Structures are given as C-alpha cells and as structure tokens.
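> Okay, sequence plus prediction incoming.
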Amino acid sequence: MRPILLQGHTRSLTQIKYNREGDLLFSSAKDHVVNVWFSHNGERLGTYNGHIGAVWTVDNITFFNSLSPSTCIAASKLLLSGSADNTAKLWDVRTGKCLHTWEFHTAVKRIAFSEDDTMALAVTEQQMGYQGAVAILKIDSVLETGEQDEPFVINPEPTKAVVAAWGYLNKYLIIGHKDGMISQYDWKTGQKLNSKHPHSDVITDLQMSPDRTYFVTSSKDKSAQLFESNTLNPLKKYVTDCPLISASITPIQDFIIVGGGQDAMQVAGTSRGKFECRFWHKILEEEVGRVKGHFGPINTIAVHPDGKSFSSGGEDGYIRVHHFDEDYFKFTYPEFQHIGA
Amino acid sequence: MPVEITGAPKSSWADEVGEELDLHYEAVTDENGVKTVIEHIINDDGKKVKVTRKIKKTLITERVNKAAAERKKWAKFGEEQGKKPGPDLSTTSVGEQVFLKLSSTGRGVETVEDIEITKKKLLGKKILCRICKGDHFTTKCPYKDTLPPLDELHIQESKEPSTTEPAPVEAPGPGKYVPPSLRGDRKSTGESYKERRDDATIRVTNLSEDTTESDIHELFRHFGSISRVYLARDHQTNMCKGFAFVSFQIRDDAGKALASLNGYGYDNLILRVEWAKSSSSSTS
C-alpha cells in the first residue's frame, strides 16, 4: 500500500481522530493548530486557528442530531480541542470558527465527547500547585445560552489522570493514571467505583471499542492491554519491546494496532528506534505484522470506523494515512481456516 | 489537406513537414486494456518530439455516506481558505510503498537468536514433524491438510523409521552438488549476519502468471520464518513474471524448502527451486 503523507503540522502530532463516518480526519499538534483532512485523498479541508499553546487533544462529535433543535449549529459539526494554553475550545467544524472557550488553571491533556454529545470530559494537568483533574463540561447549555456553568470536577487519586474516556451510555468514566492504574469513576458524584493496577508505567492512550464494552490501553511499560469496561477485568495483554504511546482496535480483522518508540534521548546511541505500527492479533496475543514509515516515535494511531484504512501521527510531524491492500482483508489464520470453511 | 487523426500515418516523411504534425497521433489498445498513445509534437525549441504515453483506465464505483458526500462540497477555511479543491502538494503527498505482511509466525518478540537456541535444544530430542519437518509432533502439524502432495514428498525424504516407504534417499551420492546447508560438517552458527542473509535466499522459477506474494508466503512459510519475498512482476500488467526470491531468516530452513519444493507441482507447473546467485558467495 502507498501511504498518503500529510504535512500540515510543523511540530509533532499529539492526537488524530476520525469522525463518525470516517471521511474527515482531525489532527492536533504542538504547533498550536488543529487541522482537518479528507481521509480518502489527504486533502486539507481547513485549519482551526486560535490556540496559543501546543494542542494536546482533539475530539469530534460522534452522534447525530442529539442536541436540541433550538441550537442554531447543526449537530455532528462540532469539534473540541484542548491545549497547553490552559483552554479547551469548541469549534464549528465547517467554518473553523471558535464557538466557545473554557479556561482552566492548567493545560488540557485529553478531551472527549460523551456518547450523547451533550457533555464532554477534559483531563487537566497537575501543574503550578493545581491538582490534576477531570472536568465535566456541559456542551448543550453552552450552545443554548452561550454561557458556561461551573464545570463539575473530579480529582482522581492517588496519582493524576492522563487519559480518560466515557463508558457506554455515559454510565461511568474510565480513567488512566500516571502510575499505570486504571479506574472507573461515577461522573455525577465524583466517586471511585473500581480500580486496577495493570501497568507499571504511565498510561499513554486509552481507546474504546465501537460499542464501548471493552477498551485498549497502551503504556510506557512496553505493553498494551485489553480490558472489560464494566469490571476492568484484564482480557488480553500484548507485550512488545519498546515503549508504547498509542493503541487502537481495528474492525473487520481482529487486530490491535500499537505504536510508539524509544524517546529521542535513548535512541541516539542505537541504530533504530522501532518506529513501526505493529499489528497484534487481538485474541491470540501474537504479533502478525508491521508497517514502517515514521522517522520518530508514533504518538497517535486511529483506525477508520469502516476498518479499511488507518492513520498514524508521529513525533516527526507527519501523518501517514494507510489504505489497506486487498491482502489484508483476505488474511486468515491457518489455525482458523477450518472454521471459515 | 485534411489531417488524419487516427490510424498509422501513411503519408511519406516528406509530407510530414508542416504544422499538421502537431495533431499527428495514434492510439492503440492492447489486450490488457493498456492504451498506447503516440504523439508527434514540436517542442519550444522547434524540434520534433515523439511522445509515447501508456494509459490504463479502471472505473471504480464508490459508495459514500450522504453526510460525508455533503461535506465534500464544503468550502475550505482557515489557512486553506480560498484554495482550489483537490489535494495541495505542499501539504499532501504520496509516500513510498510500504508493506504489511500478515503472518502468524512467532509469538511476540522472537529474534533469530531465540529461534536458533530453541532449535539447538531440540536437536538432542529428535522431535521432527514428518509433514513439514518442523520441531513438533506430526499430529500437531498445522499444515497437515493444506498441502497433501507435499506430505508425500516429505515422507520420502524423512528419515523416520516408522514410514512405510522403502529405503529413504539418504545424502545424495558423490558427484552431485550438495548445498552447504545440507552438508553435515557445517554449522550455521558463527557466520556473520550478512553472510547468513545472503545465504538464506532461494530462487523459485517456473511460477504461473497468477502467483502473488501471499501465495509464495503460503507455500514457503512451512519451512521457517521468511524475512523477505520478492516476486518479479510485469510493469504493465502487474502479473507475475514467473520467478521469485524467498529469503529465510535461517539458512537451514531455506535448504529444507529447496529440498522439498524443487520439482513440486504447483498451479499446473513444475517449480524449480535453487539457491539465489549472490555477488559475494559462489554458491549457485
């Protein structure tokens, strides 16, 4: 396959995300700008300018027509971004106009729309004496009145939150911690419901399965793991030989794509940094293939919702959009061939 | 004089001097659907230039979501404002071909060294699959049902006493070439990495046109982990040219593959497998 190279950022990528249909690809980078691309040909549709710090995170609305019709902005056209300038911004996807800005005391490291898109979570950094927190933002009331309520804040214990996601039907939040712990929080009361400590180092990414019943985490402890959302029971573990920064679940084929690489400081002495997207079999916990290309660690991986392509964003400032060859869809395990026959 | 648009120019060369030359072209479509257009044009220096273009048209119908189709009409904004539709070369380019070879070889991270260590351990225990010569019991061989004719080949060569076949062919007789990997006196350890890489490559010829890389993978991966497959393809038709190179990580595996698959009937053709000629080594 021939990847499409997107060179819209001048600094390293922090997060990429497909929209629900997968035709748009949003990317955030440390160069203060959020870009949006057409995923099928790599054409840049536009940029969202306004942040004055590195943009750490981006999320597009996932659900259709869930907002009340009184809002003048049609649903499915909203974008959230979180930045090191201590703000989170809500954008109109079509025009690039900033609709609202939330101000925080510290940088916003991770942002995510809830499943019905009426709320969003924002993970803020532990800095300058402020505790790391997860804030719940009300999107619908902001759009209707133009004014924000004081966001409800959860302070995860014992170490700060680095990544977070909504459980299915917004039942709870799943939070990944700095020390490798994962926990479940009630977002209405701020109470911890459950926690496990499966990783030995910071959790770098947490991505939900399409139905949100299970999720995958990646960690600097060189492993990625699959968990059941309700119980946080570990399901599968994928152990690699380099620190992982992102992990994503693929539809169609039962794979997990993980990416990462050694830090720039450590890679200097060695010949190669292992900057490859690795494909692992989700069930057999076995590596099945690799895709090369990046010149630096892979910071973020996203899979197209239809499972026919995936993209990776690297420390090298490039996004690589890969459309799978036909061989990919034909692949079956020799052990499984008798099931298909 | 009217200009002939299509068909081979029949006029003599003397008639070709003039402005009509600009329009002279011929188009031929061959059986592969490749259209060849030959044009004679006069370039900026006033010289006559023949331009040959080969075009292959494929119509691909794509279905997209209604909302996604609507979004394709959106005007560009931000830094892209006012730019014309279509990918901009300054931000979008096509990268070099990359390959994703999916295979179930190896659990987790396994280096060549690891494989060799396990193989050494198993040497004393004499666990040898009669089907694929792998280091497992025959009953557990995953390729038991995939290639029945291959089984027979292996049984003939296998040194298992339990086979019903008459006296198996031992080492080839004197005078016949024996690849270094099959000579008992030589150990694969201690060789430099480069040597090992060069030595573990075999050439497969007499492949059929329809063969793909994954077919080759399928056929050869029984013998050991494959580091690279190169299949020669025709530039125009993208069909197999009839030969391929297969590099194994371990030379012994390549030797096994060579011994078993040389003369093997595949896709109605008899395969010929031999050591790839290398510039550094004289094995061929």
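Received, thanks. Numbering: from 1, shown residues only, chains lettered A, B, ... in the order given.

> And for A:Gly293, the neighbour number?
Neighbourhood size, A:Gly293 [other C-beta atoms under 10 Å in any protein chain shown]: 19. The C-beta positions use only the backbone N, C-alpha and C, and glycine is treated the same way.

> hang on, I meant B:Asp234
Residues lying near B:Asp234 (other C-beta under 10 Å) number 12.

> Apart from its chain neighbours, what residue comes closest to it?
Residue nearest to B:Asp234 in three dimensions, not counting chain neighbours: B:Lys241, with 5.6 Å by C-beta to C-beta, 6 or more residues apart in numbering or on different chains.

> So for the one you found, what's the pLDDT?
At B:Lys241, the pLDDT value in this model is 88.

> That one: neighbour count?
15.

> for B:Ser103, same thing?
With neighbours defined by other C-beta under 10 Å, the count for B:Ser103 comes to 18.

> try A:Val291
23.

> wait, what's in contact with the residue nearest to it when sequence neighbours are not counted?
Of all residues not flanking A:Val291 in the chain, A:Cys277 sits nearest, at 4.4 Å (C-beta to C-beta, 6+ apart). By C-beta atoms under 8 Å, 6 or more residues apart in numbering or on different chains, the contact list for A:Cys277 reads A:Ile257, A:Val258, A:Gly259, A:Arg290, A:Val291, A:Gly293, A:Ile298, A:Ile301, A:Phe310, A:Ser312.

> do B:Thr211 as well
Applying C-beta under 8 Å, 6+ apart, we find B:Thr211 in contact with B:Leu231, B:Cys240, B:Ala244, B:Asp267.

> Just the pLDDT for the closest residue to chain A within the stretch 51-200 of chain B.
At 3.2 Å from chain A, B:Gly78 is the closest residue in the stretch 51-200 of chain B, using C-beta to the nearest C-beta. With respect to pLDDT, B:Gly78 has a value of 86.

> Skipping adjacent residues, who's closest to it in space?
A:Thr47 (3.2 Å).

> Please report the distance of A:Thr240 from A:Val216.
Using C-beta to C-beta, to the nearest Å, we find A:Thr240 at a distance of 13 Å from A:Val216.

> er, A:Gln127 I mean
Noted for A:Gln127: a distance of 28 Å to A:Val216, by C-beta to C-beta.

> the more surrounded of these two?
Between A:Gln127 and A:Val216, counted using other C-beta under 10 Å, A:Val216 has the larger neighbour count: 25 against 14.

> and the closest residue to the more buried one other than its chain neighbours, what are its bridge partners?
Take A:Val216 and drop its neighbours on the chain: the residue closest to it by C-beta to C-beta, 6+ apart is A:Ala247, 4.7 Å away. Listed beta-bridge partners, A:Ala247: A:Val258 (assigned using DSSP bridges).

> tally of neighbours for A:Ala247?
A count of nearby residues for A:Ala247, using other C-beta under 10 Å, gives 27.

> isn't it right next to A:Phe215, touching?
No: with contact defined as C-beta atoms under 8 Å, A:Ala247 does not count as touching A:Phe215 (9.5 Å).

> Now for the two: what residues contact both?
Joint contacts of A:Ala247 and A:Phe215 (C-beta under 8 Å, 6+ apart) are A:Gln207.

> for chain B, which spans come out with low pLDDT?
Along chain B, segments meeting pLDDT under 70 span B:1-25, B:105-175, B:181-198, B:278-284.

> is it true that A:His105 lies in a helix?
No: going by DSSP: H, G, I helix; E, B strand; the rest coil, the assignment for A:His105 is coil, not a helix.

> just checking, it touches A:Thr87?
No: counting by C-beta under 8 Å, A:His105 stays clear of A:Thr87, with 10.9 Å between them.

> Compare those two and say which one has the larger neighbour count.
With neighbours defined as other C-beta under 10 Å, A:His105 and A:Thr87 compare such that A:Thr87 has more, 21 against 13.

> now that one: how far from chain B?
Separation of A:Thr87 from chain B (C-beta to the nearest C-beta, to the nearest Å): 18 Å.

> Touching, that residue and A:Ala54? I think so.
No: taking contacts as C-beta under 8 Å, A:Thr87 lies outside contact range of A:Ala54: 11.9 Å.

> of all the residues in the stretch 1-150 of chain B, which ones are close to chain A?
Within the stretch 1-150 of chain B, the residues that sit near chain A (C-beta under 8 Å from any C-beta of the partner chain) are B:64-65, B:67-68, B:71-72, B:74, B:76-81, B:85-88, B:90-104, B:106-109, B:142-143, B:146.

> Filter those down to the ones in strands?
Counted as lying in strands by DSSP state E, out of the residues of the stretch 1-150 of chain B next to chain A, are B:Thr92, B:Ser93, B:Val94.

> shouldn't the second one be in contact with A:Leu5?
Yes: judged on C-beta under 8 Å, B:Ser93 makes contact with A:Leu5 at a distance of 4.9 Å.

> Beta-bridge partners for the residue in chain A that chain B sits nearest to, please?
Nearest residue of chain A to chain B, counting by C-beta to the nearest C-beta: A:Thr47, 3.2 Å away. For A:Thr47, the beta-bridge assignment (DSSP bridges) gives partners A:Asn35.

> Tell me where the stretch 201-341 of chain A is predicted with low confidence.
Scanning the stretch 201-341 of chain A with the threshold set as pLDDT under 70 gives A:263-273, A:335-341.

> how about the strands in it?
For the stretch 201-341 of chain A, applying DSSP state E, counting those that start in this stretch gives strands covering A:203-208, A:214-219, A:223-228, A:234-239, A:244-250, A:255-260, A:277-281, A:286-291, A:298-303, A:309-314, A:319-323.

> Go through the ones you listed and name the closest to A:Gly22.
Across those, A:Gly22 has its closest neighbour in strand A:309-314 (8.0 Å, C-beta to C-beta).

> Next, the angle from the closest one to strand A:255-260.
Calculated by axes from the mean of the first three to the mean of the last three C-alpha atoms, to 10 degrees, strand A:309-314 forms an angle of 10 degrees with strand A:255-260.

> Run the chain-centre distance for strand A:309-314.
Centre-to-centre, strand A:309-314 and its host chain are 12 Å apart (C-alpha atoms, centre = their mean, to the nearest Å).

> same thing with stretch A:77-91?
Distance, centroid of stretch A:77-91 to centroid of chain: 14 Å (C-alpha atoms, centre = their mean).

> Over to stretch A:226-234?
Centroid separation for stretch A:226-234 versus its chain: 18 Å, with C-alpha atoms, centre = their mean.

> farthest pair in the contacts of A:Cys277?
A:Val258 and A:Gly293 (14.9 Å).

> neighbours around residue 253, how many?
Looking at chain A here, since you left the chain open. 16.

> if you could check chain B rather than the one you did, that'd help
Neighbours of B:Asp253 (other C-beta under 10 Å): 26.

> One more: A:Leu99?
By the measure other C-beta under 10 Å, the count of residues near A:Leu99 is 16.

> Pairing partners for the nearest residue to A:Ile256 once chain neighbours are set aside in the sheet, please.
Spatially, and ignoring its direct neighbours in sequence, A:Ile256 is nearest to A:Trp280 (4.7 Å; C-beta to C-beta, 6+ apart). Counting by DSSP bridges, A:Trp280 forms beta bridges with A:Ile256, A:Glu287.

> Which strands or helices does whichever strand or helix holds B:Ser260 pack on?
If you go by DSSP states H and E, B:Ser260 is part of helix B:251-261. On a contact count with 3 or more C-beta pairs under 8 Å, 6 or more residues apart in numbering or on different chains; DSSP states H and E, helix B:251-261 meets helix B:148-157, helix B:193-199, strand B:201-205, helix B:213-220, strand B:240-248, strand B:272-275.
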